[in-house]
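> Attaching a predicted model along with its sequence, questions to come.
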Amino acid sequence: MLRGTRTATAALAVLVLGGCAADVATSTAVTGGEAGEAPLERLEAASTVPEAVCAAEVRTIEVAVEAYQAVEGAAPTDVGDLVPAYLSETPRHHDVAVTAAGVVEIVPAAGAGCD
């Protein structure tokens with residue numbers, strides 16, 4: 001649950017930026033490649049994703065789930081519940097799963113490189 005103005009402001013900033021945190025991490029974490037090739041293209045061509053990108057996306061989803069729960073009063077059933085109101089786009093490397101007990105888990109998407 002979100003508490004305090006600072007946390008709510010930080011959550012709002014992440015929600016407004018949506019997937020940008022992962023893109024920023026991608027831009028700074030990936031080096032090399034062909035001249036003129038965008039960092040994201042190099043990243044998607046790799047078999048694994050840099051840990052910083054995975055961590056940034058997980059944190060972005062966590063904040064979106066917390067905001068969803070605060071506003072909706074219930075947990076999201078899948079990542080589709082978060083897009084576009086809580087996330088600007090569907091996460092590239094993770095999915096949201098809900099256990100039988102109603103616990104929200106952020107899990108790596110199949111073949112997305114964040115294991």
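The structure has been received and is ready for your questions. Residues are numbered from 1 along each chain as shown.

> use CA for all of it now, contacts and neighbours both
Noted.

> so after the longest helix seen in the chain, what's the next helix or strand?
Ranked by number of residues, the top helix in the chain under DSSP state H is helix 51-72. Downstream of helix 51-72, the next assigned helix or strand under DSSP states H and E is strand 94-98.

> just the angle between the longest helix of the chain and strand 94-98, please?
Helix 51-72 and strand 94-98 are oriented at 40 degrees to each other (axes from the mean of the first three to the mean of the last three C-alpha atoms, to 10 degrees).

> Next, the buried residues of helix 51-72.
Neighbour-count burial for helix 51-72 flags 52-54, 56-58, 60-68 (criterion: 16 or more other C-alpha atoms under 10 Å).

> taking the residues you listed as a set, which two sit the farthest apart in space?
52 and 68 (24.2 Å; C-alpha to C-alpha).

> if we can go back for a sec, of the buried residues of helix 51-72, which is the nearest to residue 111?
Distances from residue 111 to the buried residues of helix 51-72, taken by C-alpha to C-alpha, are shortest for residue 54, at 13.1 Å.

> Against residue 76, how distant is the nearest residue to that closest one once chain neighbours are set aside?
Residue nearest to residue 54 in three dimensions, not counting chain neighbours: residue 114, with 5.9 Å by C-alpha to C-alpha, 6 or more residues apart in numbering. Per C-alpha to C-alpha, to the nearest Å, residue 114 is found 22 Å from residue 76.

> Packing partners of the longest helix of the chain?
helix 4-17, helix 20-29, strand 104-108 (3 or more C-alpha pairs under 8 Å, 6 or more residues apart in numbering; DSSP states H and E).

> can you rerun that using 7 Å?
Other elements packing on helix 51-72 under the criterion 3 or more C-alpha pairs under 7 Å, 6 or more residues apart in numbering; DSSP states H and E are helix 4-17, helix 20-29.
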